[in-house]
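Asker: sequence plus the predicted model coming up.
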Amino acid sequence: MPQSKKGKYSSRLSNTRKQGTHGSFRTHEGFYRMMIESLDGQSIFTTDKGGVISSWNSGSEKLFGYKEKEVIGKNVSLIFTPEDIKKNIPKKELKEAKKKDKVVEERNHIRKNGSLFWASGLIYPLRDEKKVHRGFTFILINRTEEKAFDKRKDDFISTATHELKTPVMSIRLFAEIVEQQTKKMGDKIGLESVRELNIQLDRLTALMNYLLDVAKIQQGKLKLEKTFFDVSVFIHEVITVVKGISTGHIIRFTKSTPKEMYADRERISQVLTNLVSNAIKYSEKGTKVIVKSTHDKKNIIISIQDFGFGIPKSEQKLIFSRFYRANSAIENNISGIGLGLYVAIQIVKAHHGKMWVKSAVGKGSTFYFSIPIKTK
């Protein structure tokens, strides 16, 4: 829109024939309609409080195949799959959006011709100037190609990792044979080399296991074998193992009233080991790492506190993403590929638990995870 020397905006949408101010242009209903229609690469539409569609942009027409006149006045369940409608997903998402002020939408949707596509986006509650709830806004984008690419990538990683298992096992077997022969010969230099080889094999095995876990998570195949076990005994066991690997830190464990956890012990051990190991990696030698277990009426809560580099607020949500590495890891040359926390939070979520972090740069971080309490 051309701007005059006086800072006025010339607009056909102005209420008068004269040059309208920027404010009058913005508040005109036509401006918002034009803005929404210009985003024809995205489906943007609104519903009333009950989910009845009240507006429908050109991007929605392209994505779903319905003309505006075909959907206005119809319920938003029109674009949901029969399976999701049976699960009452449309109503649940609107209820959650109203409660949380925003809900992430990621699922298959159905077009007018019956074909499915993977969409991602957001649902926001619509409120007027008096903060009264009037309806909802949907913003959706077609992610089918990206979803398919991610699946091919995950399938490749899974296949390649499985194929690597056999040669790695063979290398480990030959390393054990060489270690035995080297001990008999009294070759100290050779023995040290074999030990370093085993350390690198352990790292490679850990990486392979992470990649396999990621593939299972992405495919929804992460299985849990839940049992009851004593939390305090379990934490002591994990700390003992970690201490054997790293002796440069003081690891302390404090607990509240003893409590049993109902979970997959091996998987929760994987979570706790990762968090304690990270606390060690991201703090100076000689500093403390404090592990605590508490509980409330609904959850057992375990926290791991370090006094290390800390995490900027801008990174605190990103660190749980796949392959994300914090700047402090890069700056301090800390090894890793950014999968540990991603796998850990997915394991916790699979237990219907939560994971979060509190941190300040230069003062350290405290990671928490909670697991719902279940009685025998």
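Answerer: Looks like it came in fine.
Asker: where does the prediction get shaky in the stretch 251-376 of the chain?
Answerer: Where the stretch 251-376 of the chain drops to pLDDT under 70, the residues are 256-258, 376.
Asker: skipping adjacent residues, who's closest to residue 361 in space?
Answerer: Excluding the flanking residues, the one nearest residue 361 by Cβ to Cβ, 6 or more residues apart in numbering is residue 310, at 4.1 Å. For every residue, glycine as well, the C-beta is placed using N, CA and C.
Asker: surely that neighbour is within a helix?
Answerer: No - under DSSP: H, G, I helix; E, B strand; the rest coil, residue 310 falls outside any helix and is assigned coil.
Asker: quick check: next helix or strand after the lengthiest helix in the chain?
Answerer: What stands out as the longest helix in the chain, according to DSSP state H, is helix 144-185. Downstream of helix 144-185, the first helix or strand assigned by DSSP states H and E is helix 188-218.
Asker: thinking again about what came up before, the longest helix of the chain vs helix 188-218, what angle?
Answerer: 160 degrees (axes from the mean of the first three to the mean of the last three Cα atoms, to 10 degrees).
Asker: for helix 144-185, packing partners?
Answerer: Judged by 3 or more Cβ pairs under 8 Å, 6 or more residues apart in numbering; DSSP states H and E, helix 144-185 is in contact with strand 116-127, helix 188-218.
Asker: and the gap between the residue nearest to residue 361 and residue 327?
Answerer: Noted for residue 310: a distance of 11 Å to residue 327, by Cβ to Cβ, to the nearest Å.
Asker: quick one, which of these two is more surrounded?
Answerer: A direct count of neighbours by other Cβ atoms under 10 Å for residue 310 and residue 327 places residue 310 higher, at 20 against 12.
Asker: and residue 130, how many residues sit next to it?
Answerer: 6.
Asker: which SSE is it in?
Answerer: Using DSSP H and E, residue 130 falls within no helix or strand.
Asker: do you know the pLDDT at it?
Answerer: Looking at residue 130, its pLDDT stands at 89.
Asker: and the helices in this protein?
Answerer: For the chain, the helices defined by DSSP H occupy 22-27, 29-38, 58-64, 68-71, 82-86, 89-100, 144-185, 188-218, 231-245, 265-281, 327-331, 340-350.
Asker: just checking, what packs against the shortest one?
Answerer: Going back to what we said before, that points to helix 68-71. Helices and strands touching helix 68-71, by 3+ Cβ pairs under 8 Å, 6+ apart, are strand 53-56, helix 58-64.
Asker: format these as CSV; extra columns: mean neighbour count, mean pLDDT and distance to residue 266.
Answerer: Putting these into CSV (neighbours: other Cβ atoms under 10 Å; pLDDT from 0 to 100; distance: least, Cβ to Cβ, whole Å) gives the following:
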stretch, mean neighbour count, mean pLDDT, distance to residue 266
strand 53-56, 20, 93, 48
helix 58-64, 20, 93, 43
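Asker: any idea which of these gets closest to residue 181?
Answerer: Minimum separation from residue 181 across those (Cβ to Cβ) falls at helix 58-64, 66.2 Å.
Asker: what's that closest one in contact with?
Answerer: Applying Cβ atoms under 8 Å, 6 or more residues apart in numbering, the contact partners of helix 58-64 are 37, 39-45, 66-68, 71, 79, 109, 111-112, 117, 119, 140, 142.
Asker: strands - which of those land there?
Answerer: Counting by DSSP state E, these place 43-45, 109, 117, 119, 140, 142 in strands.
Asker: what is the nearest of the residues you listed to residue 218?
Answerer: residue 119 (17.8 Å).
Asker: who's in contact with that closest one?
Answerer: 43, 63, 105-109, 140-143 are the contacts of residue 119 under Cβ under 8 Å, 6+ apart.
Asker: domain assignment for the protein?
Answerer: The chain breaks down by automatic domain parsing into domains covering 39-142, 147-218, 226-372.
Asker: show the average pLDDT along the second one.
Answerer: If I follow you right, that is domain 147-218. For domain 147-218, mean pLDDT is 85.
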